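*Asks:* Return a 3D structure for these sequence lines:
(one chain, ligands or ions: 2)
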Amino acid sequence: MEFNEKNEIVKEIEQRAILVGLSTGSKKEITTIENSLKELEELAKAAGAKVVHTMIQNKQKIDATFYIGKGKVDEIKILADELDANLVIFNDELSGAQMRNLEQVIERTIIDRTTLILDIFAQRAQSKVGKLQVELAQLRYRLPRLIGLGRALSRTGVGIGARGPGEKKLELDRRYILDRISDIKNQLDETKKTREIQRKKRKKNEIPIVALVGYTNAGKSTLMNKLIAMTDYDEEKIVYAENMLFATLDTAHRKIVLPSKEEFILIDTVGFVSKLPHALIEAFKATLEEVVDADLLLHIIDATNQDYEMQMKVTDQVLDELDVKDKSTILVFNKMDQMEGIQIPCGEDTIHLSAVEGIGMEELLSQIKGKIFAYMKKITLLLPYDRGDIVSHLQDKTKVETCEYREEGVYIEACLGPIDYNKYVDYMI
Ligand SMILES: Nc1nc2c(ncn2[C@@H]2O[C@H](COP(=O)(O)OP(=O)(O)OP(=O)(O)O)[C@@H](O)[C@H]2O)c(=O)[nH]1
Ligand SMILES: [Mg+2]
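*Replies:* Numbers count the residues shown, from 1 in each chain. Ligands and ions are numbered 1, 2, ... in the order given. The predicted model follows:
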């Protein structure tokens, strides 16, 4: 159910969309644009719209007035009348002037890919921080386009492009938007302090952090759930995983305790998509800063997707923007249960698995262990009987291989991380 700014219930209008893409003509580019429009259709569905037609125009150059040629614009108007479409979605970012010009001719709501992605995020964001981040991204994107946002804003609160945490006041002027941007920034700065404390705590506890990253729908959340199920199953720990784009919008942390008692924090993150709005990356930098802290990245790839190489590149680009390109990474080619004759790269730091079927999970765990516990050192200690506190700490938190109560004290052989090692090295024998 939707509400308008006066809090009245507004009837949900079915969104019937025409998708429009532009191709500069080369054969290779045509396949790319077709795939890109398929993805745009998935995005439209994720936002709740029904796609009634898709069209591609071959054109050497983007038209400054209409983005596509004027002939095509007239064609869209006729099609929209015939197909009863009320929304036209363009595959690239439009300028404010292009939006306004298109809307004047087509007489329908005009949005672009970025607005669509922002709308999905606006619908799904759950946490307070997530909502603020999306609103910030929407405002930043709308600011230079106010001139073209006629229809999308005139029906505030209804329909794709006009939803979101800030929808109530979006028709207000630039001044308001600028004030709101600085207000949100202040609120986000506040939440940053809390997160900073949590981050420091995690660092201090010296629990390694492993982050799942990758293209949307690759299987990150499914893999997280599988690892939870294999180690310490608890219904409450399970995260949402679904066959749709952007199922995950808020990061989730779960402690994974291995049978060997070694533990790490696993982080599930928002997925990436091609042409991910820059404003959104900027906005999500705050939650993705945990990726920056991670000791290891698991880059999950949907190996069944024919565009998986492009998707890997997109992920690398976003990681680059976050300044974490050189972090220790395992490439995880997922969905191997569905593979049919596709050649997938093999090699060091590469794993083929199926998160759903649980194939390859042991190998993954052993690679993770090899990477994050490589700094563990084996040590032999003799602890006096009055230091039972150290004995229980070691038994709870580390991998104790031998523990014998001898006459001269408690004899322990264990693998320790650097902090514990330095703390107890005095008891070494
Ligand atoms: N066949 C098969 N499907 C899988 C596998 N792993 C995940 N999936 C499916 O892929 C879809 C997406 O899975 P998610 O775990 O939600 O993907 P995600 O990477 O978290 O996606 P976002 O949260 O949107 O970024 C779901 O329908 C899963 O069931 C696998 O190993 N094999
Ligand atoms: Mg997910």
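*Asks:* which one is the residue in the stretch 1-150 of the chain positioned nearest to ligand 2 nearest to, not counting chain neighbours?
*Replies:* The nearest approach of the stretch 1-150 of the chain to ligand 2 comes at R124, 11.1 Å away (C-beta to the ion). (Glycine included, C-beta is placed from N, CA and C.) In space, and not counting its chain neighbours, R124 is closest to L249: 4.8 Å by C-beta to C-beta, 6 or more residues apart in numbering.
*Asks:* Quick check: phi and psi at that neighbour.
*Replies:* The phi/psi pair for L249 (degrees, to the nearest 10) reads phi -120, psi -20.
*Asks:* can you pull the pLDDT of the residue nearest to N225 when sequence neighbours are not counted?
*Replies:* Of all residues not flanking N225 in the chain, I238 sits nearest, at 5.3 Å (C-beta to C-beta, 6+ apart). Per-residue pLDDT puts I238 at 86.
*Asks:* Equivalent analysis for the one 4 residues further on, please.
*Replies:* In this prediction, E242 carries a pLDDT score of 85.
*Asks:* Quick check: it is in a strand.
*Replies:* No - counting by DSSP: H, G, I helix; E, B strand; the rest coil, one finds E242 to be coil, located in no strand.
*Asks:* what number of residues lie near it?
*Replies:* For E242, the count of nearby residues is 11 (other C-beta atoms under 10 Å).
*Asks:* Would you mind naming what in the stretch 151-300 of the chain lies close to ligand 1?
*Replies:* 216-222, 241-243, 245-248, 271 (C-beta under 6 Å from any ligand atom).
*Asks:* out of those, which touch ligand 2?
*Replies:* K220, S221, A247, T248 (C-beta under 5 Å from the ion).
*Asks:* What sits closest to the closest residue to ligand 1 within the stretch 251-400 of the chain if chain neighbours are left out?
*Replies:* The stretch 251-400 of the chain approaches ligand 1 most closely through G271 (2.3 Å), counting by C-beta to the nearest ligand atom. In space, G271 comes closest to T216 once its chain neighbours are excluded; the distance is 3.0 Å by C-beta to C-beta, 6+ apart.
*Asks:* Touching, the one you found and T269? I think so.
*Replies:* No - look at T216 against T269 with C-beta atoms under 8 Å: they stay out of range, at 10.6 Å.
*Asks:* Run through the residues that contact the closest residue to L353 other than its chain neighbours.
*Replies:* Closest residue in space to L353, ignoring its immediate chain neighbours: G360 at 3.0 Å, by C-beta to C-beta, 6+ apart. For G360, the contact set (C-beta atoms under 8 Å, 6 or more residues apart in numbering) comprises M336, I351, H352, L353, S354.
*Asks:* Against T350, how distant is G360?
*Replies:* Remark: distance between G360 and T350 (C-beta to C-beta, to the nearest Å) = 11 Å.
*Asks:* The stretch 51-200 of the chain: strands as residue ranges?
*Replies:* Secondary structure of the stretch 51-200 of the chain (DSSP state E, counting those that start in this stretch): strands at 87-90, 109-112.
*Asks:* Quick check: phi and psi at the residue at minimal distance from the centre of the chain.
*Replies:* The residue lying closest to the centre of the chain (C-alpha atoms, centre = their mean) is V270, at 1.6 Å. Here is the backbone geometry of V270 (degrees, to the nearest 10): phi -60, psi 140.
*Asks:* my read: it touches A252, true?
*Replies:* No - between V270 and A252 there is no contact under C-beta under 8 Å: 10.4 Å.
*Asks:* Mutual contacts of the two, please.
*Replies:* With C-beta under 8 Å, 6+ apart applied, the contact sets of V270 and A252 do not overlap.
*Asks:* now the longest helix along the chain, how far from the chain's geometric center?
*Replies:* Longest helix of the chain, by residue count under DSSP state H: helix 174-205. Here helix 174-205 shows a centroid-to-chain-centroid distance of 19 Å under the convention C-alpha atoms, centre = their mean, to the nearest Å.
*Asks:* mind listing what's buried in that helix?
*Replies:* Within helix 174-205, the residues that qualify as buried are I177, R180, I181, I184, L188, T191, R199, R202, counting by 16 or more other C-beta atoms under 10 Å.
*Asks:* after it comes which helix or strand?
*Replies:* strand 209-214 (DSSP states H and E).
*Asks:* Paired strands for that next one, with orientation please.
*Replies:* Next to strand 209-214 in the sheet, as set by DSSP bridges, lie strand 263-268 (parallel), strand 296-302 (parallel).
*Asks:* got the angle between it and helix 174-205?
*Replies:* In terms of direction (axes from the mean of the first three to the mean of the last three C-alpha atoms, to 10 degrees), strand 209-214 departs from helix 174-205 by 140 degrees.
*Asks:* quick check: domain ranges of the chain?
*Replies:* Domain assignment of the chain by the TED database yields the ranges 2-121, 125-192, 207-373, 377-427.
*Asks:* any idea which of those scores lowest on pLDDT?
*Replies:* Lowest mean pLDDT within the domains of the chain: domain 125-192, at a mean of 73.
*Asks:* re the thing from before, what's the distance between the residue nearest to G271 and D337?
*Replies:* 20 Å.
*Asks:* So for those two, which sits in the more crowded spot?
*Replies:* T216 (25 against 13).
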